[in-house]
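In: just the structure for this:
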Amino acid sequence: MDSLSFMDSTFFSLVIFPIIIFLMRLCDVSLMTLRIIFVSKGIKLLASVIGFFEVSVWLIAISQVMSNLDNIFYAIAYALGFACGNYLGATIEEKIALGVNLLRVITNKDAEELVEYLRKENFGVTSINAEGSQGPVKVIYSVVRRKDLEKIINIVKKFNPNAFYSIEEVRGVNKGIFPPDTMELKKFGRFNRNGK
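Out: Next up, the predicted model:
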């Protein structure tokens, strides 16, 4: 069987080509998710390059579906690729964990030991006394890299499992104190440690 007759076969049109459409859609939606994340982080050049490849793959996939609207397998593969691409893109984004977050901890328990431990671990920490709805509290602020967020939350829970905390995304920081390995943030121009 030559390649032309294989591409015209029922097996190719019902199995192989839907798999190709699925993989193309999986790829373009994953790229779309990453592009949106890079735009939100201010990484414009990388977002533009990703956008070029995203749209190129999408155009090929959608053109095949639109020119074969009578083939339900193409439409199903396209939709499945979209759904799985969203999941894959979000998973990739979690793994690369770009950016920094503001962690705010509010506790009515003495927090001096927690603050000292965080400083010993090279986390920048600001703590202030405040008044909560049920009396005096300590408010602790720390700007942390996303990849360190789980570590610092585990530290907070170890010292005070009942502490209230909230997390906010930060677009950029200047003159912060962070654990070693800050080169990745400098590379994307979103971080300036000690004014450098």
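
In: where does the prediction get shaky in the chain?
Out: 1-8, 173, 175-176, 181-196 (pLDDT under 70).

In: which residues of it fall in helices?
Out: With helices called from DSSP state H, the chain shows them at 3-7, 10-11, 17-40, 44-66, 72-96, 112-120, 149-159, 183-187.

In: other residues contacting the longest strand anywhere in the chain?
Out: Taking DSSP state E as the assignment, the strand of the chain that covers the most residues is strand 135-145. Residues outside strand 135-145 that contact it (C-beta atoms under 8 Å, 6 or more residues apart in numbering): 97, 99-111, 114-115, 118, 123-131, 152, 170, 173, 176, 178-179, 182, 185. C-beta: built from backbone N, CA, C; applies to glycine.

In: wait, isn't Ile177 in contact with Asn122?
Out: Yes. Under the criterion of C-beta atoms under 8 Å, Ile177 makes contact with Asn122 at 6.8 Å.

In: domains of this structure?
Out: 3-96, 100-195 (automatic domain parsing).

In: now those in CSV, with mean neighbour count?
Out: Formatted as CSV, the domains of the chain follow (neighbours: other C-beta atoms under 10 Å):
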stretch, mean neighbour count
domain 3-96, 16
domain 100-195, 15
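
In: ok, Ser9 to Arg35 distance?
Out: As judged by C-beta to C-beta, to the nearest Å, Ser9 and Arg35 stand 36 Å apart.

In: same deal with Glu116?
Out: Glu116 is 42 Å from Arg35, by C-beta to C-beta.

In: about what we covered before: the contacts of strand 135-145 in strands, which ones?
Out: Going by DSSP E, the strands hold 100-107, 126-131, 170, 173 from the contacts of strand 135-145.

In: just to revisit the earlier point, Tyr165: which of the helices of the chain is closest?
Out: Judged by C-beta to C-beta, the one of these that comes nearest to Tyr165 is helix 149-159, at 6.1 Å.
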